[in-house]
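Trainee: got a predicted structure plus its sequence, pasted below:
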Amino acid sequence: MFTKWKEGGKILIISPYVDDLIYTRNDKNMCNDFNISMMLEFDMPDFGRIRYLLGVEVIQNSDENFVCQRKYAREILTRFGMDKRNSV
């Protein structure tokens, strides 16, 4: 994990994982600047907001971030033929 600090408590947190980069910030301009610089330096697209990380679903909106394993649970139920069963 890497961090970049600027005056005023602004921070950019970058977490590389294999061939992915996950980053967050508390200042939108820092995030945009980082995104542009990475796209100029490397041949990489911007895939937007994170949706899945290591099998964990990430749901983001303006008020909160939520992580769950709904997709993983569905895959397990399907694998064992229990996806059409009564949940009771």
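Mentor: Looks like it came in fine. Please read all numbers here as calculations on a predicted model, not as lab measurements.
Trainee: okay, CA-based contacts and neighbour counts for the rest of this
Mentor: OK.
Trainee: surely Pro45 meets Met39?
Mentor: Yes: using CA atoms under 8 Å as the test, Pro45 is close enough to Met39 to be in contact (6.7 Å).
Trainee: so Ile11 sits in a strand?
Mentor: Yes: counting by DSSP: H, G, I helix; E, B strand; the rest coil, Ile11 is located in a strand.
Trainee: my guess is it contacts Asp27, does it?
Mentor: Yes: counting by CA under 8 Å, Asp27 is a contact partner of Ile11 at 7.0 Å.
Trainee: between these two, which is the more surrounded one?
Mentor: Under the neighbour definition other CA atoms under 10 Å, Ile11 and Asp27 were set side by side, and Ile11 has more, 18 against 13.
Trainee: how far out from the middle of the chain is the longest helix anywhere in the chain?
Mentor: Ranked by residue count, the top helix of the chain under DSSP state H comes out as helix 28-41. Averaging C-alpha positions (CA atoms, centre = their mean, to the nearest Å) puts helix 28-41 16 Å from its chain's average.
Trainee: one more: stretch 51-66?
Mentor: With CA atoms, centre = their mean, you get 6 Å for stretch 51-66.
Trainee: straight-line length of it, end to end?
Mentor: 10 Å (CA to CA, to the nearest Å).
Trainee: quick one: contacts of it?
Mentor: The contact list for stretch 51-66, computed with CA atoms under 8 Å, 6 or more residues apart in numbering, reads 49-50, 67-72.
Trainee: now stretch 5-23
Mentor: Residues contacting stretch 5-23 (CA under 8 Å, 6+ apart): 1-4, 24-27, 30-31, 50.
Trainee: and these, which are buried?
Mentor: 25, 30-31 (16 or more other CA atoms under 10 Å).
Trainee: reformat those residues as JSON lines; add pLDDT and distance to Leu77.
Mentor: Output for the buried ones among the contacts of stretch 5-23, formatted as JSON lines (pLDDT from 0 to 100; distance: CA to CA, whole Å):
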{"residue": "Arg25", "pLDDT": "84", "distance to Leu77": "36"}
{"residue": "Met30", "pLDDT": "88", "distance to Leu77": "42"}
{"residue": "Cys31", "pLDDT": "84", "distance to Leu77": "38"}
